[in-house]
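# With the input below, show me the fold.
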Amino acid sequence: MPKVSVVIPSYNHGRFIEKAVRSVLDQTYRDLELIVIDDGSQDNSLARLAAITDNRLRVIAQENQGAHAAINRGLAEAQGHYLTILNSDDVYAPRRLERMLPILDGNAAIGLLSSYIEVIDGQGKAVGVKRGYANLEPWPLPLVAESFRSGVDNRAALLTENYLATTSNFLFRRSWYEAIGAFLPLRYTHDWDFALRMASVADIEIIPEPLLQYRIHGNNTIHENRAAMVFEICWCLAVHLPKHRADSRWYDKERPERRVSQLLHSIYTYGNERVLTVMLLEKLAENPVDALELLGMESARRQLYLEQIRRNMSEKTVADLPRTDSSAPARLLSHLRRLASALLNRA
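Reported below is the predicted structural model:
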C-alpha cells in the first residue's frame, strides 16, 4: 500500500496533462500512487495518458460530472495514508512531497498542509509567487491592518478568502478526510468549502516555499459565470461563519473586540451583503440538508439569490480593481492582482 495517493482530475487539458503527470511520477519521494480521473475529456488527453508507462499510474475515464465529482472518485479509489490532489494543468515542484510529508508525520493536529505558489502562464513562464494571504489578494480591503490578512491566524484568514488558492495545494491525512467528508457540488468554491470544513476541526499550515506551479491560461473558468461565483462565496460564508465563530478557538481573550473589528474589515461579497445576510438568516450552518439543497441548479431559492446578485453587479464590481495609475510598477501590480483574482475564480 503506497503512503501517498495523488489524484489528478483531468478535463480537456491535453496540452498540459503530461507535464502534470510527470511532475508527480518524478517526485523525489517515490512511495506513491497516481490516479487520474478523466472527466469526459473531448480532446487528446486520454491518448497522451496512454503513452505514459509507470506501474504507479492508474487512469480511470468517466462521463463528465464536474471537478468535485472527479476528485471524489479519485479519493474513493485511493489507498494511501496521505491524500493529495493536482489539477491537470498545474505542476508539482520535484521535492514537494519530500518537503511536506515529514511535517505531517510530525504533527497529527495538522489537517491541511499547503505551500506558497508560483503562478505561471499558459507557456509555463513564472509571473509571480503567492505567499498565502500576504500578497496577491483577490480583492482589496479598505483597512488591511484591521482585517484577518494582517494577523497570523491561518484559520481565521480563510474567512476572508481562499488564500490556499486551489485543490492542487492540498495535502491531508486520510483520517481527517474521513472526518469531514467529500467535496461538495460547488462549481467555483469546492476547494474553499473543503478548506473551511477542515479548519473547523484541525490546524491549517502553509510552508513558506513555492512547491507548486499554478497555471493561469485562456481555458481557466475565470469569468465563466460571475453571479454564480458570488453566490457560492456567500453560501460558503453563510455556512461557515457561524461554525467558526462558535468554536472556542475563535475568541481573543485579551482583546475580545478584536474579532468584531476583523470581521467588519474582512468579509467581502462583491457588494452583496444583503444576500449574505438573508442566507445567514436561513441558518444554513444548522441545516446541512437545506444548505445542500440550495446548491441544486433547479432550486427556486437559488434562482432568487442569483437574480438579486445580478441586479447588484455593476461595471465597478466586475472590474474589481482601480486602474488609474499607468506606471510600470502599477501595471505589474494590477496584472498580479488580476492573476490573484483568477486564483479564486479558477475551477
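
# can we go C-alpha only for contacts and neighbour counts from here?
OK.

# quick one: the strands in the chain?
Under the criterion DSSP state E, strands of the chain are mapped to 4-10, 32-39, 57-62, 82-85, 91-92, 110-120, 126-130, 171-173, 203-215.

# Make CSV out of those strands and add mean neighbour count and distance to residue 162.
Formatted as CSV, those follow (neighbours: other C-alpha atoms under 10 Å; distance: least, C-alpha to C-alpha, whole Å):
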stretch, mean neighbour count, distance to residue 162
strand 4-10, 27, 20
strand 32-39, 25, 24
strand 57-62, 15, 29
strand 82-85, 24, 16
strand 91-92, 26, 19
strand 110-120, 23, 12
strand 126-130, 18, 12
strand 171-173, 22, 15
strand 203-215, 20, 12
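
# Please dump these into a markdown table; it should also carry distance to residue 239 for every row.
Output for the strands of the chain, formatted as a markdown table (distance: least, C-alpha to C-alpha, whole Å):
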| stretch | distance to residue 239 |
| --- | --- |
| strand 4-10 | 26 |
| strand 32-39 | 28 |
| strand 57-62 | 31 |
| strand 82-85 | 24 |
| strand 91-92 | 32 |
| strand 110-120 | 19 |
| strand 126-130 | 27 |
| strand 171-173 | 22 |
| strand 203-215 | 19 |
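
# Please convert the ones you listed to JSON lines, extending it with mean pLDDT.
Shown next, in JSON lines, are the strands of the chain (pLDDT from 0 to 100):
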{"stretch": "strand 4-10", "mean pLDDT": "98"}
{"stretch": "strand 32-39", "mean pLDDT": "98"}
{"stretch": "strand 57-62", "mean pLDDT": "98"}
{"stretch": "strand 82-85", "mean pLDDT": "98"}
{"stretch": "strand 91-92", "mean pLDDT": "98"}
{"stretch": "strand 110-120", "mean pLDDT": "97"}
{"stretch": "strand 126-130", "mean pLDDT": "94"}
{"stretch": "strand 171-173", "mean pLDDT": "98"}
{"stretch": "strand 203-215", "mean pLDDT": "97"}
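
# out of those, which comes closest to residue 143?
The minimum distance between residue 143 and those falls on strand 126-130, with 20.5 Å, by C-alpha to C-alpha.

# and the closest one, which strands flank it?
With DSSP bridges as the test, strand 126-130 is paired with strand 110-120 (antiparallel).

# what angle sits between the partner strand and strand 203-215?
Angle of strand 110-120 versus strand 203-215, following axes from the mean of the first three to the mean of the last three C-alpha atoms, to 10 degrees, is 20 degrees.

# Which residues does strand 110-120 contact?
Strand 110-120 is contacted from outside by 100, 104, 126-132, 164, 169-173, 176, 195, 198-199, 201-216, using C-alpha atoms under 8 Å, 6 or more residues apart in numbering.

# Tell me which of the strands of the chain sits nearest to residue 152.
Closest to residue 152 of those, according to C-alpha to C-alpha: strand 203-215, at 10.8 Å.

# before we move on, the earlier item: select, out of the strands of the chain, the one closest to residue 290.
Of all the strands of the chain, strand 110-120 sits nearest to residue 290, with 26.6 Å by C-alpha to C-alpha.

# Pull the distance from that closest one to the chain's centre.
Per C-alpha atoms, centre = their mean, to the nearest Å, the displacement of strand 110-120 from the mean C-alpha position of its chain is 10 Å.

# Likewise for stretch 255-266?
The answer for stretch 255-266 is 24 Å, by C-alpha atoms, centre = their mean.

# what residues does that stretch touch?
In this structure, residues lying in contact with stretch 255-266 by C-alpha under 8 Å, 6+ apart are 141, 142, 143, 144, 146, 147, 148, 149, 159, 160, 251, 252.
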